[in-house]
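Q: coordinates only, no sequence provided:
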Ligand SMILES: [Zn+2]
Ligand SMILES: [Zn+2]
């Protein structure tokens with residue numbers, strides 16, 4: 001080990017904080033990293049030295065030894081403990097970066113703790129269902145067939161089997177190293193999933209190591225009254241099985257409600273247009289109108305105009321959110337008779353003489 005001044009090498013004061021040391025090292029490492037300076041022996045040498053300095057100064061115990069003795073070596077350490085994470089740069093081979101303890105530190109420096117595969121929640125699934133207008137109002141019970149990923153029974157979802165064939169690590173494709181990029185720097189480090197072995201055990205031949213298998217599922221579902229096009233009804237836990245023991249996803253039934261010949265639904269209200277005669281509009285009448293429950297009577301007051309809307313309370317659609325139902329709105333449309341006979345025309349002219357008002361005067365502010 002050299003007696004180089006590690007502090008000067010990193011360009012920090014002797015009393016520099018751990019953070020300052022780390023920052024200084026990162027800056028220098030970016031500059032001298034062999035991946036940034038391919039074939040530059042001087043940069044490589046410099047890089048080894050600053051890395052060595054950082055290895056010592058970033059470890060409070062080693063730094064203490066260095067500060068006290070002006071040098072540090074794993075072998076020199078007073079009351080030396082056995083080496084754990086080796087930092088021997090003699091014969092350090094950058095082409096074999098992946099297996100060095102150094103690159104792990106380097107990788108952690110930029111990426112923090114690396115993580116092994118963890119249990120994951122299964123995917124949520126969506127199933128489209130077509131529902132008739134009336135079915136949507138009343139609700140329905142039906143059976144659907146869909147495919148979901150279920151836990152593989154052969155390996156109990158672990159993806160491993162003693163009889164299977166050796167499986168290359170999915171993270172590194174069996175190389176034991178993973179490439180990482182940080183800004184303009186690229187470097188490789190030991191694959192955290194397999195610890196550099198490139199293997200993750202023998203994979204289950206049934207599920208090819210996924211731990212899950214596609215399965216056709218038959219499910220009895222109950223669609224509540226009141227669904228609309230786009231309504232998503234959740235069936236908890238009926239989605240894909242989780243990974244490595246994670247919880248299953250959910251199944252969402254998404255409805256498409258077919259249109260009705262004369263009812264139109266907007267929210268929980270139902271709209272329809274009903275034609276009335278001039279006489280019914282002028283004199284008032286009680287007329288029969290369709291509702292989703294069958295026929296109902298609607299009172300048309302005298303002097304009703306075309307386009308006027310009447311409300312039938314509680315005759316709308318059931319609500320998915322509330323216990324009350326929406327309303328029905330009936331828009332009346334006055335149908336003018338096509339008069340051909342002289343008698344009818346005379347009656348209308350007589351009507352005009354008795355009612356000489358000009359409706360445009362008021363409407364258009366003439
Ligand atoms: Zn399996
Ligand atoms: Zn791996």
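A: Looks like it arrived, so ask away. Everything quoted here is computed from the prediction, not taken from an experiment. Ligands and ions are numbered 1, 2, ... in the order given.
Q: contacts, neighbours, all on C-alpha from now
A: Will do.
Q: for the stretch 1-150 of the chain, which segments are assigned as helices?
A: In the stretch 1-150 of the chain, the helices defined using DSSP state H, counting those that start in this stretch lie at 6-10, 18-32, 41-57, 60-69, 101-111, 133-138.
Q: which one, of those helices, ends up nearest to residue 152?
A: Smallest distance to residue 152 across those (Cα to Cα): 33.8 Å, for helix 101-111.
Q: where does pLDDT dip in the stretch 101-250 of the chain?
A: 101-117, 164-165, 167 (pLDDT under 70).
Q: kindly report the residues of it close to ligand 1.
A: 152, 154-155, 159, 204, 206-207, 211 (Cα under 5 Å from the ion).
Q: let's have the helices of the stretch 1-150 of the chain in CSV, adding mean neighbour count.
A: Below are the helices of the stretch 1-150 of the chain laid out as CSV (neighbours: other Cα atoms under 10 Å):
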stretch, mean neighbour count
helix 6-10, 19
helix 18-32, 17
helix 41-57, 19
helix 60-69, 15
helix 101-111, 16
helix 133-138, 20
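Q: out of these, which gets the lowest mean score?
A: With a mean of 47, helix 101-111 has the lowest mean pLDDT of the helices of the stretch 1-150 of the chain.
Q: related to what we said a few turns ago, just name the closest of the residues of the stretch 101-250 of the chain next to ligand 1 to residue 293, please.
A: Of all those, the one with the least separation from residue 293 (Cα to Cα) is residue 152, at 49.1 Å.
Q: what's the spacing between that closest one and residue 264?
A: Distance, residue 152 to residue 264, by Cα to Cα, to the nearest Å: 47 Å.
Q: the two: which is more packed in?
A: The neighbour comparison of residue 152 against residue 264 (other Cα atoms under 10 Å) goes to residue 152, with 22 against 16.
Q: for the more buried one, grab phi and psi.
A: Torsion angles at residue 152 (phi, psi; degrees, to the nearest 10) stand at phi -70, psi 120.
Q: run through the residues of the chain sitting next to ligand 2.
A: For the chain, the residues in contact with ligand 2 (Cα under 5 Å from the ion) are 169, 171-172, 176, 191, 193-194, 198.
Q: distance from stretch 330-345 to the middle of the chain?
A: Between the centre of stretch 330-345 and the centre of its chain there are 59 Å (Cα atoms, centre = their mean, to the nearest Å).
Q: mean confidence for it?
A: Taken as a whole, stretch 330-345 has a mean pLDDT of 96.
Q: quick check: buried residues in that stretch?
A: Residues 330-334 are the ones in stretch 330-345 that count as buried (16 or more other Cα atoms under 10 Å).
Q: just to revisit the earlier point, most neighbours out of the residues of the chain next to ligand 2, which is it?
A: Result: residue 191 is most packed of the residues of the chain next to ligand 2 (other Cα under 10 Å), 25 neighbours.
Q: need the contact list for it.
A: Shown in contact with residue 191 (Cα atoms under 8 Å, 6 or more residues apart in numbering): 98, 171-172, 176-178, 198.
Q: separation between the closest residue to it other than its chain neighbours and ligand 1?
A: Spatial nearest neighbour of residue 191, excluding adjacent residues (Cα to Cα, 6 or more residues apart in numbering): residue 177 at 4.7 Å. Per Cα to the ion, to the nearest Å, residue 177 is found 26 Å from ligand 1.
Q: and for residue 141?
A: With distances taken as Cα to the ion, residue 141 is found 34 Å from ligand 1.
Q: look at residue 130 and say how many residues are nearby.
A: Using other Cα under 10 Å, residue 130 is surrounded by 13 other residues.
Q: and the strands in the stretch 101-250 of the chain?
A: Remark: strands assigned in the stretch 101-250 of the chain by DSSP state E, counting those that start in this stretch are 125-131, 140-151, 160-168, 177-182, 185-190, 199-203, 212-223, 232-235.
Q: name the strands paired with the last one and say parallel or antiparallel.
A: What that stands for is strand 232-235. The pairing partners recorded for strand 232-235 under DSSP bridges are strand 251-257 (antiparallel).
Q: nearest to residue 139 among the residues of the chain next to ligand 2?
A: Distance to residue 139 across the residues of the chain next to ligand 2 (Cα to Cα) is lowest for residue 171, with 47.5 Å.
Q: was I right to think the closest one contacts residue 178?
A: Yes - using Cα atoms under 8 Å, residue 171 is in contact with residue 178, at 7.4 Å.
Q: nearest to ligand 2: which residue in the stretch 201-350 of the chain?
A: residue 201 (11.1 Å; Cα to the ion).
Q: does that residue really touch residue 166, like I thought?
A: Yes - here residue 201 reaches residue 166: they are 5.9 Å apart, a contact under Cα under 8 Å.
Q: of these two, which one has the most company?
A: Counted by other Cα under 10 Å, residue 201 and residue 166 do not tie: residue 201 has more neighbours, with 18 against 15.
Q: for the residue lying closest to residue 281 once chain neighbours are set aside, grab phi and psi.
A: Leaving aside its sequence neighbours, residue 281 sits nearest to residue 304 (Cα to Cα, 6+ apart; 4.8 Å). Phi and psi for residue 304, reported as degrees, to the nearest 10, are phi -70, psi 140.
Q: tally up the residues packed near residue 304, please.
A: Residues lying near residue 304 (other Cα under 10 Å) number 21.
Q: contacting residues for it?
A: By Cα under 8 Å, 6+ apart, the contact set of residue 304 is 281-282, 284.
Q: quick one: which of those residues has the most company?
A: residue 281 (20 neighbours).
Q: quick check: residue 271 vs residue 317, distance?
A: For residue 271, the distance to residue 317 - Cα to Cα - is 11 Å.
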